[in-house]
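**Student:** My questions are about this predicted structure, shown below with the sequence.
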Amino acid sequence: MHASGNSKNYVNKTTFSSSKRSVGMEGISTQGNIMVEESGIGFGEGSSLFFGGNPNLVSGNCPYCNTKIEVDKRQLAGYTSVKCPNPICGRILNFTIN
C-alpha cells in the first residue's frame, strides 16, 4: 500500500495476511509511504496513520436547526456555501476557508 505526494489511502474492514500472521485495519487512513507486510506496518519519512476514518472530514451543526453537517474538506474547494441536509431546514450557509 503506497500513497505518494498528497494522496491518501482509506482502509476499512481489511485484513493483510501471510502464511504466518495477519493484521486487520478498520476505519484507518494512510498518508505517505506505509508498508504493510505480514503482520507488520512500516512508516516511510513523512508518512502517517489516522485512526477513526477520513482525516479530511470536517463537521459542524447548522445554526438554525442544529443538524450535523459533515463534508470532506477537499470537496469544499471552489465553493463558498453549503446547504443544510435537513429537508425541513435546507438553508444555505456561507463559509470561508483560511
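**Tutor:** Everything's here; your move. Residues are numbered from 1 along each chain as shown.
**Student:** Buried residues, stretch 77-90. List them.
**Tutor:** Neighbour counts using 16 or more other C-beta atoms under 10 Å place 82, 84 of stretch 77-90 among the buried residues. (Glycine included, C-beta is placed from N, CA and C.)
**Student:** Hmm, I typed the wrong one, I wanted stretch 62-70.
**Tutor:** Counting neighbours by 16+ other C-beta under 10 Å, stretch 62-70 gives Cys62 as buried.
**Student:** quick one: terminal-to-terminal distance for that stretch?
**Tutor:** 10 Å (C-alpha to C-alpha, to the nearest Å).
**Student:** ditto for stretch 67-87
**Tutor:** End-to-end distance of stretch 67-87: 10 Å, with C-alpha to C-alpha as the criterion.
**Student:** if we look at that stretch, which residues are touching it?
**Tutor:** 54, 56-62, 64-65, 89-97 (C-beta atoms under 8 Å, 6 or more residues apart in numbering).
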